[in-house]
Every structure is written in structure tokens, then in C-alpha cells.
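J.: here is my input; please provide its structure:
(one chain, ligands or ions: 1)
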Amino acid sequence: MTDFVLEFPPQFRWGTATAAHQVEGNNQNNQWWVWEHTAQRIQNGDKSGLACNWWQNAEADFDHMAAMHQNAHRLSVEWSRIETRDGVFDSAALERYRAMLLALRQRGVEPMVTLHHFTNPIWLEEQGGWENLELVVPRFQRFVVQVVRTLGDVCDLWCTINEPNVYAVMSYLAGRMPPGKRELGAAVRVFRNMLIAHVAAYQAIHEAQPQARVGLAHHMRVFQGLRRRHPVDNALSHLLSDVFNNSLLMALVQGRWHWLLRLGAPQSAAKLRGTLDWIGLNYYTRQRVMFDHRGGDALFSSLVNTPGVIMSDYDYGEIYPQGMLLFLRQLASYRLPIYVTENGLPDHDDDLRPGFIVQHLRMVWQAIQLGCDVRGYYHWSLVDNFEWNEGWRMRFGLIAVNTATQDRTWRTSAYLYRDIARANALSSAIVCQYTPELQSLFVA
Ligand code: FCB
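T.: Numbers count the residues shown, from 1 in each chain. This is a model prediction of the structure:
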């Protein structure tokens, strides 16, 4: 076996990603808290509760980041803590975030702040939330300006909105997240409103902080027909890919609405063009698409797993590293800097995660060799956290969390990730130690 060192560029960002509601605890003022306590739609009736206790003591986990040689972290600020009522801002909450961002910086960890990650203040939700364009765009913009003005001296890397496509689909089409609707029209409107709100935020942030670097985190998923030569499965997988993966990019990069979004659009998409300083890729998995004449999950498609492949916990997702390279190459064609803003898997016993990390990072490295401007990788996630409608059963952490005691235990993957970040490279020594079964992948 020949030795190898796959080096990453100097300044490459090695981080993890989290979201406020999933880690902070006691976020009682948003629509998720209400949903957890009323809707009975979460696995085992789980609740976010104290979550990972970050509101009290995120710093303890920041120490773990530093010990893992991470130099970046993506976290979100919770709108419902900062703007407790319409137009009423809580300076103590903003101060807590300032302390957190400073604590990251003191540990050599550069923060990336997400301004919307699935949760809304109750007062916003009660007035129609993201369905209500006239409400949500100015409100979001006002909130964003307040945050950037207050925290702009400790952060200049902003992610406006996390996964507009996932939010719209899960909350308004699949009915699995609040408000639990199942209406294609509503999902389309919400998705479009989020893109319009992104643009308003993009402009407002640059006005408040000219040097800001503003992007968003876009979830992309590989869709492929289940039956190889089945023309309808294949056509549907193209359609889903166009709507789910490409329509956001079409709007924000090219200034065009996809036909599904054009109907009833309040404005032309031309104004949306060029509103990304960078693009974030959240990549997890591949899904197979099968025609279903009864309607399926969406647009007459049923989404199924590839038969016979290894799945992460609870059949949650196929491990398909090739998708990482595919999407990085697509995103690079728009000539934007790229961050992998999320990538990970639920794997409580950590038997698949080391291989997952090594295989996906190998793809990131390969993309960089091909000229893609990938600036960083944020693994989802640092610690096990409250996984939305899946509750606590999905364990995404490099570090295991005992929710009863708040104890932390490094999984093997944490040591692996530490060694990669420390070396700024994937080397034969690291692969040999943690994933010897993958050595053959690295033979030229
Ligand atoms: C993403 C979400 C994130 C987390 C991971 C597993 O879609 O952005 O909050 O739930 O999935």
C-alpha cells in the first residue's frame, strides 16, 4: 500500500453545524415548541426540552470543537428569542448570542450564523407565517438588520435561510412539520416567499455591513428512477430534481422562475438574480423515484430506497458519496464559492459514520482537484440533538449526548474528524487507522 496525503487548501474551514432549536433548550416562544406539546406527530412523543443546554452553556461544547481542531462552526440565532413580540427586541438575548460568538472566536472557531433555521416566533406564525408575503418579508428583513447591526462586529459570514425547499415541503406538502399542511399551492408560495425574503435580507445585510459574505444553505438530493429504463420514473426524477434541486438556483443565480413557481408569482425573478456571495450545500442522500398513479409523495412520484443498499439508522437514508461530487461540480459551474454547510448521517453506534466521513471528504477533495472552489465542510452535527419530527431517536452527533445527564462521549468519528482537521488532510495513516476497509478507494 503506497502512502498518500490528500491535502486540503490552506485556510480550509473544518467545522460542524447546529441549529438553535435543536441544541439550545427551552425555546418556548416558537411554533415548534407548540407543535411538540400539542400535535403528537413526533416520534415517541419526544420534546426538545433542555436539548443540549446551549442557552446555558454552549461554551462546554465549544471546548469540544477546539479539542477537535475545528476552526469553524455554523449555528443559528433563534428569531423567537430575539424578537419576542412583533417589533419588540430582547437585548439580553442578543447579548447572549454575542457572548457565544465571542466564545467561538476565542477558541479559534469562525462563526457562520444562520438567520432562519425552520423555527418562527409564535406571533409570526399566528399571522400566516411564511405564507403571508406582505408580513414575512418586511418582518424578516427588520429582524435580520437588528441582528447584523448588533452582532456585525463578531460575525460577517451570514446564511440567510436554511433549506427553503425542505421547509416548504415538510411543513406545507408532507405535513410533517408545523403547521402540518398538505397543499402543493401553499408549499410553492412558501418556497417562493422564502427566496424573496432571502433577497431582501441579502440587500439589507450588505447595507448594514458592506464586507458581509451572504449566502444560504441549499439542500440537494439525488433523485433517480427506480426502474432503470422506465421512461416515466426517469421523467419524474428529472422533474423532482428540477423543482427540488434546481429551481432555487435558477431563481437566485439566473433570475428565472421555474414554471412551477411562475404561476401566481408576485414579481418577476429578475430581481432575485445575483444575490449569493457563496452557496451552501446540504447533502445527505439519494432517493429513488417511482411513478404512482394515486399521487405518491408529490407530483405522482413515490420516493423509495434503493433496494439492497446499506442504510443509516431507521432506513433514514442511503449512503451515496457520489452525490457530493455531482452537486459540488454543478454548483461550481455558477462560479460561486461553496461551503458544504451540512453533511452527516444518523448512526447511534457509529459503525457507518467513519466510512461515511472518509468517503464524502474524498469526494470534496476530488471536487477541489477539479477546480471547484470549496471553502469548507461543516459536518452535521457536533452533538446528538433534537431531530425535529424524528425527535431524539436519530443520533447525528460526532459526540453522543446523554439527555438525562447532559454527559458527552466522543464517538470514534470525533477522533477521526479531529485527526483530519488537525492534518488538514486525509492521509493513508488516518484511513488505515479508522477505515482500513476503504484503503483500496485511494489507490490511484
Ligand atoms: C437538515 C436540517 C438539519 C438537520 C439535518 C439532519 O435537513 O437542516 O436541521 O435536521 O437535516
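J.: so residue 254 versus residue 432, what's the distance?
T.: 45 Å (C-beta to C-beta, to the nearest Å). (Glycine included, C-beta is placed from N, CA and C.)
J.: count the residues that sit near the closest residue in space to residue 41 that isn't next to it in sequence.
T.: Once flanking residues are discounted, residue 41 sits nearest to residue 389: 6.2 Å by C-beta to C-beta, 6 or more residues apart in numbering. A count of neighbours around residue 389, defined by other C-beta atoms under 10 Å, yields 20.
J.: so residue 389 is in contact with residue 42, correct?
T.: Yes - between residue 389 and residue 42 there is a contact under C-beta atoms under 8 Å: 5.5 Å.
J.: which residues belonging to stretch 395-407 are considered buried?
T.: Neighbour-count burial for stretch 395-407 flags 395, 396, 397, 398, 399, 400, 401, 403 (criterion: 16 or more other C-beta atoms under 10 Å).
J.: state the distance from the second one to residue 339.
T.: The one in question is residue 396. Distance, residue 396 to residue 339, by C-beta to C-beta: 18 Å.
J.: check the fourth one too.
T.: Residue 398 sits 18 Å away from residue 339, going by C-beta to C-beta.
J.: same check, this time on residue 5
T.: Between residue 5 and residue 339 the distance is 23 Å, computed by C-beta to C-beta.
J.: repeat that for residue 141.
T.: Residue 141 is 23 Å from residue 339, by C-beta to C-beta.
J.: try residue 327
T.: Residue 327 is 12 Å from residue 339, where distance means C-beta to C-beta.
J.: which stretches of this protein have low pLDDT?
T.: Under the criterion of pLDDT under 70, the regions of the chain flagged as low confidence span 1, 444.
J.: need the residues of it near the ligand, please.
T.: Neighbours of the ligand within the chain, by C-beta under 6 Å from any ligand atom: 19, 162, 163, 166, 219, 282, 342, 380, 387, 388, 396.
J.: restricted to helices, list the residues you listed.
T.: residue 166 (DSSP state H).
J.: need the residues of the chain next to the ligand in TSV with distance to residue 85, can you?
T.: Formatted as TSV, the residues of the chain next to the ligand follow (distance: C-beta to C-beta, whole Å):
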residue	distance to residue 85
19	23
162	24
163	27
166	28
219	31
282	31
342	31
380	32
387	29
388	25
396	33
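J.: common neighbours of residue 327 and residue 339, please.
T.: Counting by C-beta atoms under 8 Å, 6 or more residues apart in numbering, the contacts common to residue 327 and residue 339 are residue 281.
J.: and the top helix by length along the chain, what does it pack onto?
T.: Secondary structure of the chain per DSSP H: the longest helix is helix 184-208. With contacts taken as 3 or more C-beta pairs under 8 Å, 6 or more residues apart in numbering; DSSP states H and E, helix 184-208 sits against helix 133-151, strand 157-162, helix 164-172, strand 213-225, helix 247-249, helix 259-262.
J.: dump these to a markdown table, plus mean neighbour count.
T.: Listed next are the helices and strands packed on helix 184-208 as a markdown table, based on neighbours: other C-beta atoms under 10 Å:
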| stretch | mean neighbour count |
| --- | --- |
| helix 133-151 | 19 |
| strand 157-162 | 24 |
| helix 164-172 | 23 |
| strand 213-225 | 23 |
| helix 247-249 | 23 |
| helix 259-262 | 14 |
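J.: nearest to residue 31, out of these?
T.: helix 164-172 (9.2 Å; C-beta to C-beta).
J.: one step back: how big is the angle separating the longest helix of the chain from helix 164-172?
T.: 140 degrees (axes from the mean of the first three to the mean of the last three C-alpha atoms, to 10 degrees).
J.: mind listing what's buried in helix 184-208?
T.: So helix 184-208, judged by 16+ other C-beta under 10 Å, has buried residues 186-202, 204-206.
J.: in this structure residue 146 contacts residue 83, no?
T.: Yes - in this structure, residue 146 is within contact of residue 83 by C-beta under 8 Å, at 7.4 Å.
J.: shared neighbours of these two, anything?
T.: Both residue 146 and residue 83 are contacted by residue 89, under the criterion C-beta under 8 Å, 6+ apart.
J.: about what we covered before: a markdown table for the helices and strands packed on helix 184-208, including distance to residue 417?
T.: Listed next are these as a markdown table, based on distance: least, C-beta to C-beta, whole Å:
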| stretch | distance to residue 417 |
| --- | --- |
| helix 133-151 | 27 |
| strand 157-162 | 21 |
| helix 164-172 | 24 |
| strand 213-225 | 20 |
| helix 247-249 | 29 |
| helix 259-262 | 38 |
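J.: so which of these gets nearest residue 416?
T.: Nearest of the helices and strands packed on helix 184-208 (C-beta to C-beta): strand 213-225, 23.9 Å.
J.: which strands border that closest one, and is each parallel or antiparallel?
T.: Strands that pair with strand 213-225, judged by DSSP bridges, come out as strand 157-162 (parallel), strand 278-291 (parallel).
J.: okay, the angle between that strand and helix 133-151?
T.: Here strand 213-225 runs at an angle of 130 degrees relative to helix 133-151 (the same axes, to 10 degrees).
J.: after strand 213-225, next one along is what?
T.: helix 231-240 (DSSP states H and E).
J.: show me what that following helix is packed up against.
T.: strand 213-225, strand 278-291, strand 301-304.
J.: apply 7 Å and report the result again.
T.: In this structure, helix 231-240 packs against strand 213-225, strand 278-291, with contacts taken as 3 or more C-beta pairs under 7 Å, 6 or more residues apart in numbering; DSSP states H and E.
J.: in it, what's buried?
T.: 233, 234, 236, 237, 239, 240.
J.: and which of those residues is nearest to the ligand?
T.: Distances from the ligand to these, taken as C-beta to the nearest ligand atom, are shortest for residue 240 (16.5 Å).
J.: verify the stated contact: the closest one with residue 301.
T.: Yes - between residue 240 and residue 301 there is a contact under C-beta atoms under 7 Å: 6.0 Å.
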